[in-house]
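Chemist: next come a sequence and a model predicted from it.
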Amino acid sequence: MTPRLAAVWGLVCLAATWLGMSVSQPGLAVLREAYFYDDTSGAFFPKFTYAAARLRGGEIPLWDSHTFAGTPFLAEVHHDAAHHPVHLALIFLLPSATAYVASFVAQHLFAALGAFLLA
């Protein structure tokens with residue numbers, strides 16, 4: 001495959017990823033709406049906003065006193081707020097709901113780009 005054809009194919013794959021997300025969730029294409037489904041509204045988004053609030057306040061969210069009688073927060077991977085540099089940047093640059101949607105979109109775009117580069 002020539003480099004030019006590879007670049008075109010990569011752009012087609014990224015456009016298809018973006019189109020697929022925008023058809024399934026129209027608000028994602030323009031980062032207007034939070035992407036809420038099953039566990040998102042009850043588990044992931046509240047933990048994301050908790051981490052965002054703590055990080056914006058200058059604290060490292062080590063402990064979550066709101067879950068059960070308290071649980072380790074930073075050691076848990078389910079909140080997905082402080083484990084990636086892109087998430088950290090989005091937390092400080094955007095409001096919580098927009099940052100959550102932008103991180104969701106960024107994950108898919110980075111996955112598509114990685115798949116293209118490894119192909």
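Modeler: Now that the structure is in, tell me what you want to look at. Numbers count the residues shown, from 1 in each chain.
Chemist: tell me where this structure has helices.
Modeler: 3-24, 26-29, 38-39, 45-56, 85-93, 96-118 (DSSP state H).
Chemist: turn these into a markdown table, including mean pLDDT, distance to residue 72 and mean neighbour count.
Modeler: The C-beta positions use only the backbone N, C-alpha and C, and glycine is treated the same way. Below are these laid out as a markdown table (pLDDT from 0 to 100; distance: least, Cβ to Cβ, whole Å; neighbours: other Cβ atoms under 10 Å):
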| stretch | mean pLDDT | distance to residue 72 | mean neighbour count |
| --- | --- | --- | --- |
| helix 3-24 | 76 | 32 | 12 |
| helix 26-29 | 58 | 31 | 15 |
| helix 38-39 | 64 | 20 | 9 |
| helix 45-56 | 85 | 12 | 19 |
| helix 85-93 | 84 | 18 | 16 |
| helix 96-118 | 79 | 22 | 16 |
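Chemist: with distance to residue 65 added, can I get those helices in CSV?
Modeler: Output for those, formatted as CSV (distance: least, Cβ to Cβ, whole Å):
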stretch, distance to residue 65
helix 3-24, 35
helix 26-29, 32
helix 38-39, 21
helix 45-56, 10
helix 85-93, 20
helix 96-118, 19
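Chemist: quick one: closest of those helices to residue 74.
Modeler: helix 45-56 (8.4 Å; Cβ to Cβ).
Chemist: who are the packing partners of the closest one?
Modeler: helix 85-93, helix 96-118 (3 or more Cβ pairs under 8 Å, 6 or more residues apart in numbering; DSSP states H and E).
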